[in-house]
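>>> Quick one: sequence and predicted model below, then my questions.
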Amino acid sequence: MINAFLLRLYAMSSIAFEKITVISRLENPLKSFAVDEQMIEYRRDPLTGWLSVINARRAERVKQAAAASAEKRVLDEVIESSRKGCFFCPENIERSTPRFPQEVFPEGRLWRGECCIFPNLYPFAKHHAVATLTTQHFVDVGDFRHQNVFDNLWLAREFFRRVREIDPKAKYPMFNWNHLPPAAASIIHPHTQILVEEQPTPAEKQMLEKSKRFFKKWGECFWEALVREERRLGERMVYESKDVAVVASFAPRGNRELQLIVKYASSLLDLSDRVLDEVAKLLCALLRGYSQLGVGSFNTSTYSAGFGEGADYFWTSFRIISRPQPATLYTSDTGFMERFHDEWVIEGFPEDFAKAIRRSLDEVL
């Protein structure tokens, strides 16, 4: 039996955070069949209207596969077995990875520090590169170094710049980081995937169109209004500086989702070295916080306007979500609701996560 008992809509000028709270009642065998009431929240993203469903109690679910797996031993075995012959390790990378055509990178590949960028051997975009993050074969979530992440971001920006010079139709840059198999990484060695497309992805297109519509209606950038309102409320704001803001998403698309919003930069190509440096420091600090909360893998992706577009109405953002611990068998955090219905079932409140992750930012604040 589900009884809707509360509809709360709180708004400040142009930004509205909408949520509906319901109570589900059941006789719980874990509590001797006493009546158990669980609170469920339906939240809509204030820009896109994407729906998230949050029941923090779902984090208590029995996950039989995880309970049956010796996670640390399994991960150690995978690391060791994958190290031999790894394409991305320094002793193999020159002979095992593709080279760029001369018109893109005359060097074939480009190095910066420990990071190397080269074409994806099996691309799903016309301009699709891979960039290693370190010469180490494995890095735990909380152990990434700021310099390596900065160098990787720098190489991504250089790739965007060179693609723009040779292919004016390719306008939409994307930076993606899948860490370990539960996050869909096919290779253990830390790496990112960097793309430039002629069209935005469907989700990105929706964000761009609705940001433009918001600007026409309210006369201001949605992202600036969002940061201002999150600052005022203080519930989900994790970090803010002159150039960057980090907030826990009001309506997450994954567990423990953070948005790292780069102010006044509509495209990833617009990020200066100073901003790249701050983003790299923040990513490392936030990943350390994820690790302290028990996160073993993650996904990061970006949303960007096209090159030279969106200056009035769009700010570039990175999104980070946690994924399950690596194991022989594990219970995925993405099921039929997410994959088929575009409705995201979440196991914790963003406000609680924001409090927990703030502790990891001592070196950046």
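Received, thanks.

>>> All the strands of the stretch 51-200 of the chain, residue numbers only.
51-54, 110-112, 115-119, 127-132, 172-179, 191-197 (DSSP state E, counting those that start in this stretch).

>>> In a markdown table, list those along with mean pLDDT and distance to residue 283.
For glycine as for every other residue, the C-beta is placed from the backbone atoms N, C-alpha and C. A markdown table is the format used below for those (pLDDT from 0 to 100; distance: least, Cβ to Cβ, whole Å):
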| stretch | mean pLDDT | distance to residue 283 |
| --- | --- | --- |
| strand 51-54 | 93 | 23 |
| strand 110-112 | 96 | 17 |
| strand 115-119 | 97 | 14 |
| strand 127-132 | 96 | 14 |
| strand 172-179 | 95 | 9 |
| strand 191-197 | 95 | 11 |
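
>>> export those strands to a markdown table and tack on distance to residue 72?
Output for the strands of the stretch 51-200 of the chain, formatted as a markdown table (distance: least, Cβ to Cβ, whole Å):
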| stretch | distance to residue 72 |
| --- | --- |
| strand 51-54 | 30 |
| strand 110-112 | 33 |
| strand 115-119 | 28 |
| strand 127-132 | 25 |
| strand 172-179 | 17 |
| strand 191-197 | 23 |
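
>>> which one of these lies closest to residue 305?
Minimum separation from residue 305 across those (Cβ to Cβ) falls at strand 172-179, 7.9 Å.

>>> neighbouring contacts of the closest one?
141, 153, 156, 160, 184-185, 190, 192-201, 204, 267-269, 297-302, 304-307, 318 (Cβ atoms under 8 Å, 6 or more residues apart in numbering).

>>> now swap in stretch 217-234 and tell me
With Cβ under 8 Å, 6+ apart, stretch 217-234 has contacts from 12-15, 17, 46-47, 210-211, 214-215, 236-237, 240, 245, 247, 261, 263, 312-315, 317.

>>> what does stretch 180-189 give?
With contacts defined as Cβ under 8 Å, 6+ apart, stretch 180-189 is touched by 78-79, 82-83, 86-89, 132, 136-138, 178-179, 191, 296-299, 323-326, 330, 332.

>>> With stretch 118-128 instead?
By Cβ under 8 Å, 6+ apart, stretch 118-128 touches 93, 97-100, 108-109, 129-131, 159, 163, 167, 170, 193-198.

>>> and the nearest residue to residue 270 once chain neighbours are set aside, how many neighbours?
In space, and not counting its chain neighbours, residue 270 is closest to residue 316: 7.3 Å by Cβ to Cβ, 6 or more residues apart in numbering. Residues within reach of residue 316, counting by other Cβ atoms under 10 Å, total 26.

>>> and residue 316, what does it touch?
Contacts for residue 316 (Cβ under 8 Å, 6+ apart) come out as 261-262, 265-268, 270-271, 302-305.

>>> Throw the residues you listed into TSV and include distance to residue 33 and pLDDT, thanks.
Below are the contacts of residue 316 laid out as TSV (distance: Cβ to Cβ, whole Å; pLDDT from 0 to 100):
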residue	distance to residue 33	pLDDT
261	47	98
262	52	98
265	56	97
266	56	97
267	57	97
268	54	96
270	59	96
271	56	97
302	48	95
303	47	95
304	52	97
305	55	98
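
>>> can you pick the most crowded of those residues?
Highest neighbour count within these: residue 304, with 31 neighbours (other Cβ under 10 Å).

>>> Go ahead and confirm it touches residue 266.
Yes. With contact defined as Cβ atoms under 8 Å, residue 304 counts as touching residue 266 (7.3 Å).

>>> quick check: domain ranges of the chain?
The record's domain parsing of the chain by automatic domain parsing lists 2-60, 64-361.
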